[in-house]
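Chemist: Sequence first, then the predicted structure, then my questions.
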Amino acid sequence: MPEASTARRAARNGHHPGGLDPAAEDDGAPSGAGPSGASALLGAVVGRAAALPARALKGVAGAVQARVPSADLDERDPDYIRESLPGLWLLASLWHRAEVRGLGNIPEEGPVLIVGNHSGGNMTPDTGVFTLAFSAYFGVERRFHQLAHNLVVSFPGLGFLRKYGVVAASPENARQALEAGAALLVYPGGDHEVFRPSWQRHRVDFDGRRGFVRLALEHDVPIVPLVSIGGQETALFLSQGKGLARALMLDRTARLKSLPILLAPPWGLVVGDFTGHVPLPSKIVVEALPPIHLREEFGPEPDVDEVYEHVTRLMQDTLDALAAERRLPVVG
């Protein structure tokens, strides 16, 4: 019995392997009475206080997640795309002198995973240019979806993007799109790559994220690498702001691992880029590469790391070639 009593007191003082349990039984002493009771009470208070930030973060994260609309592939509206396509393509042609190459490399039908490098901050001009070109080339009736950050699909005023096929980035939404026979555009680098400093603009940087390889293998679809240049010249990106995002706990509440700092019109110095900016009229060039049929090229059980290195190397070589064509930033 004395040994059992000692064990219970140790548990109340936080030495139990499972951690402090404020609801644990005491050894008969009233709560708060004597040294052991005071220790248990103090431990309970500290434990509950420490749990408050975690509960608050979970609550905020839940509120943010609740604003994300569930994926509905039928929200894509071919009629809306058809009506808006001429004007938007004219704007892209005049402002960005947009040029899209290699559309014939994309399979004409069936599901395909289009894997792109990402540039331009929250304005993502490369996505807009390619979406317009894809719709004009293959016709608006062909299913085409693009994965985007939760905040993009839920941000007020951006609901029209869902009419173009934008859905929140998640494995379930990707699965739905590919099973529906769609062409699916993904950016593995996400906010890490899209906010990279401008002096790294000619760098493909997926941050080691290999999920796109597993996705292609799971659904047995070809990968079409998509390489773009010019987007990171539409503003002067100074910092990804990863430390700032962690300090503000945005990585835990809003899945934002970057809070970028940039110089862009009309605001000047911008932190976060939540209100958007006017992109500089940088020339945008996008090039689709030939499809990669993984099991044909890498055998029946492809190595994920090997495929990742192959795809990113091809894309980097293409980006280097596109960079060699440019005479000046922005001008192209």
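Modeler: Good, I have the coordinates. Residues are numbered from 1 along each chain as shown.
Chemist: Can you pull the phi/psi pair for the most centrally placed residue in the chain?
Modeler: The residue lying closest to the centre of the chain (C-alpha atoms, centre = their mean) is residue 190, at 3.7 Å. Torsion angles at residue 190 (phi, psi; degrees, to the nearest 10) stand at phi 50, psi -140.
Chemist: Now do the strands in the protein.
Modeler: 99-101, 112-116, 144-148, 166-168, 183-186, 223-229, 236-239, 261-264, 268-271, 285-288 (DSSP state E).
Chemist: May I see the ones you listed arranged in CSV, with distance to residue 77 as well?
Modeler: No exception for glycine: its C-beta is placed from N, CA and C like everyone else's. Shown next, in CSV, are the strands of the chain (distance: least, C-beta to C-beta, whole Å):
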stretch, distance to residue 77
strand 99-101, 22
strand 112-116, 21
strand 144-148, 12
strand 166-168, 12
strand 183-186, 17
strand 223-229, 23
strand 236-239, 33
strand 261-264, 30
strand 268-271, 32
strand 285-288, 23
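Chemist: Mean neighbour count added to these, as JSON lines?
Modeler: Supplementary listing: the strands of the chain in JSON lines, determined by neighbours: other C-beta atoms under 10 Å:
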{"stretch": "strand 99-101", "mean neighbour count": "18"}
{"stretch": "strand 112-116", "mean neighbour count": "23"}
{"stretch": "strand 144-148", "mean neighbour count": "24"}
{"stretch": "strand 166-168", "mean neighbour count": "23"}
{"stretch": "strand 183-186", "mean neighbour count": "25"}
{"stretch": "strand 223-229", "mean neighbour count": "25"}
{"stretch": "strand 236-239", "mean neighbour count": "19"}
{"stretch": "strand 261-264", "mean neighbour count": "19"}
{"stretch": "strand 268-271", "mean neighbour count": "14"}
{"stretch": "strand 285-288", "mean neighbour count": "23"}
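Chemist: Nearest to residue 160 among those would be which one?
Modeler: strand 166-168 (9.2 Å; C-beta to C-beta).
Chemist: If you drop the residues flanking it in sequence, what lies closest to residue 250?
Modeler: Spatial nearest neighbour of residue 250, excluding adjacent residues (C-beta to C-beta, 6 or more residues apart in numbering): residue 256 at 4.0 Å.
Chemist: thinking again about what came up before, among the strands of the chain, show the one with the smallest mean pLDDT.
Modeler: For these, the weakest mean pLDDT is recorded on strand 166-168, namely a mean of 91.
Chemist: which residues are in contact with that one?
Modeler: 68-69, 71, 73, 145-150, 152-154, 173, 177 (C-beta atoms under 8 Å, 6 or more residues apart in numbering).
Chemist: Parallel or antiparallel, which strands does it pair with?
Modeler: Sheet partners assigned to strand 166-168 using DSSP bridges are listed as strand 144-148 (parallel).
Chemist: centre of the chain versus the strand it pairs with, how much separation?
Modeler: Once both centres are worked out by C-alpha atoms, centre = their mean, to the nearest Å, strand 144-148 turns out to sit 11 Å from its chain's centre.
Chemist: Please save the CA atoms from it in CSV.
Modeler: C-alpha atoms of strand 144-148 as CSV (Å, rounded to 0.1, in the frame of the first residue of the first chain):
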residue,chain,number,x,y,z
PHE,A,144,-9.5,21.0,-66.6
HIS,A,145,-9.0,21.6,-62.9
GLN,A,146,-6.3,23.4,-61.0
LEU,A,147,-5.4,22.8,-57.3
ALA,A,148,-5.0,26.0,-55.2
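Chemist: ok, residues contacting it?
Modeler: If you take C-beta under 8 Å, 6+ apart as the criterion, strand 144-148 is touched by 73, 76, 127, 131, 134-135, 138, 161, 164-170, 173-174, 177, 182-187.
Chemist: Now do that strand and strand 112-116, the angle between them.
Modeler: Strand 144-148 and strand 112-116 are oriented at 40 degrees to each other (axes from the mean of the first three to the mean of the last three C-alpha atoms, to 10 degrees).
Chemist: Among the contacts of strand 144-148, name the buried ones.
Modeler: Taking 16 or more other C-beta atoms under 10 Å as the criterion, what is buried in the contacts of strand 144-148 is 73, 76, 127, 131, 134-135, 138, 161, 164-169, 173-174, 177, 182-187.
Chemist: if I look at residue 328, how far off is residue 230?
Modeler: 11 Å (C-beta to C-beta, to the nearest Å).
Chemist: Those two: which has the busier surroundings?
Modeler: Higher neighbour count among residue 328 and residue 230: residue 230, with 30 against 8, using other C-beta atoms under 10 Å.
Chemist: before we move on, the earlier item: so what does the residue nearest to residue 250 look like in phi/psi?
Modeler: phi -100, psi 110.
Chemist: Now do the contacts for it.
Modeler: Going by C-beta under 8 Å, 6+ apart, residue 256 touches 149, 151, 191, 245, 250.
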